[in-house]
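> quick one, structure for this:
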Amino acid sequence: MPKSDNLRTLDQRIALTLEYDGAGYCGWQRQDSASQASIQQEVETALARVADHRVTVICAGRTDAGAHATSQVLHFDCAIDRGRKAWVTGCNSLLPSSIRILDARVMEPDFHARFSATARRYNYIIQQRETAPAILAQRVLHVRRPVDVDAMHGAAQALLGEQDFSAFRAAACQSRTPFRNVTSVRVISLGSFIVIDIQANAFLQHMVRNIVGSLLAIGAGSRPTTWIADLLAGQDRTRAAVTAKPAGLYLTQVTYPDQTGLTAAYIPPGFIEALA
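Prediction:
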């Protein structure tokens, strides 16, 4: 067990970049119940072993139960910098194979994984084919019938800019404001996969999954391409489509000011094609 940190000065701030397969976890956030495995709990337990004292981590964006990340960023404070090898190789030897630390670096004391970030990017991956996937069952959303990708992409452009996203906000969302600024959104086809690629300054709880659900309704032809704009104007979550399942959701990039030195990778199309 880690030693007590009551008398230690936690004067080193470390930032980590990590990836994880969220299937089987209750999400990023640590839960009160020990029976619910979370990404945060697994990472904090491994870091505490290396740091030799309790560690609390703060991430750039909390992911849902069953959702994934190729480039999550977090920070924590520790009594001493153990060095990159210890934080990366040492912690990875203590983590389950579904979670991997990719990089570690010492940051300035005022760096904050959440509040220093200027943008987040998510990809939502859909597989379009007659038969549901076996290997990718917990990593993509399966749709059996073809959808109109061009219609989905066109409709998604109504999301751009700083707007009130109440129509795509979870009822339990605790954000003080429903306003977010979407800077780019694409819906692209890659073989049997459809990728919804969206970037914003930040996201509301379930915002991406709620948007995906409504875009799929447009792609299936049950709603017109103007529906996204209508939903935004109406600001009523109950009028939008059902929330898409978390399996297809990936946090793929977190952007910081250049001076932080952090490089958070964007999921390349080749990764998605390799799933086929």
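
> please work out which residues outside the strand or helix carrying residue 162 touch it.
Assigned by DSSP states H and E, residue 162 belongs to strand 161-164. Contact with strand 161-164 is made by 178, 179, 180, 181, 182, 232, 235, as judged by C-beta atoms under 8 Å, 6 or more residues apart in numbering. For glycine as for every other residue, the C-beta is placed from the backbone atoms N, C-alpha and C.

> now with 10 Å?
Contact partners of strand 161-164, identified using C-beta atoms under 10 Å, 6 or more residues apart in numbering, comprise 177-183, 200-201, 229, 232-233, 235.

> give me the secondary structure label for residue 241.
coil (DSSP: H, G, I helix; E, B strand; the rest coil).

> what is the burial count for residue 132?
Neighbour count of residue 132, defined by other C-beta atoms under 10 Å: 12.

> OK, contacts around it?
Here residue 132 is in contact with 140, 142, 143, 144 (criterion: C-beta under 10 Å, 6+ apart).

> and the residue lying closest to the third one once chain neighbours are set aside, how many neighbours?
Going back to what we said before, that points to residue 143. Once flanking residues are discounted, residue 143 sits nearest to residue 128: 5.2 Å by C-beta to C-beta, 6 or more residues apart in numbering. Using other C-beta under 10 Å, residue 128 has 19 neighbouring residues.

> what's near enough to touch residue 128?
Here residue 128 is in contact with 140-147, 149, 189, 191-194, 219 (C-beta under 10 Å, 6+ apart).

> any idea how far residue 23 is from it?
21 Å (C-beta to C-beta, to the nearest Å).

> output the strand holding residue 162 as CSV, nothing but the C-alphas.
Extracted C-alpha coordinates of strand 161-164, given in CSV (Å, rounded to 0.1, in the frame of the first residue of the first chain):
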residue,chain,number,x,y,z
GLY,A,161,-20.2,27.8,-34.5
GLU,A,162,-21.0,28.8,-30.9
GLN,A,163,-24.6,27.8,-30.2
ASP,A,164,-27.0,26.6,-27.5
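
> list the buried residues of it.
residue 163 (16 or more other C-beta atoms under 10 Å).

> state the mean pLDDT of it.
Averaging pLDDT along strand 161-164 yields 97.

> now swap in stretch 131-149 and tell me
Here stretch 131-149 scores 94 as its mean pLDDT.

> for stretch 17-25, same thing?
pLDDT averaged over stretch 17-25 gives 93.

> and it, how far out from the chain's middle?
Distance of stretch 17-25 from its chain centroid, counting by C-alpha atoms, centre = their mean, to the nearest Å, is 10 Å.

> mind saving the C-alpha coords of that stretch as PDB?
Extracted in PDB, the C-alpha atoms of stretch 17-25 (Å, rounded to 0.1, in the frame of the first residue of the first chain):
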ATOM      1  CA  THR A  17      -1.400  10.900 -22.600                       C
ATOM      2  CA  LEU A  18      -3.200   7.500 -22.600                       C
ATOM      3  CA  GLU A  19      -5.400   5.300 -24.700                       C
ATOM      4  CA  TYR A  20      -8.000   2.800 -23.500                       C
ATOM      5  CA  ASP A  21     -10.700   0.400 -24.600                       C
ATOM      6  CA  GLY A  22     -13.700   1.500 -22.500                       C
ATOM      7  CA  ALA A  23     -15.600  -1.800 -23.000                       C
ATOM      8  CA  GLY A  24     -16.100  -3.300 -19.500                       C
ATOM      9  CA  TYR A  25     -15.600  -0.100 -17.600                       C
END
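
> give me phi/psi at residue 43?
Phi and psi for residue 43, reported as degrees, to the nearest 10, are phi -70, psi -40.
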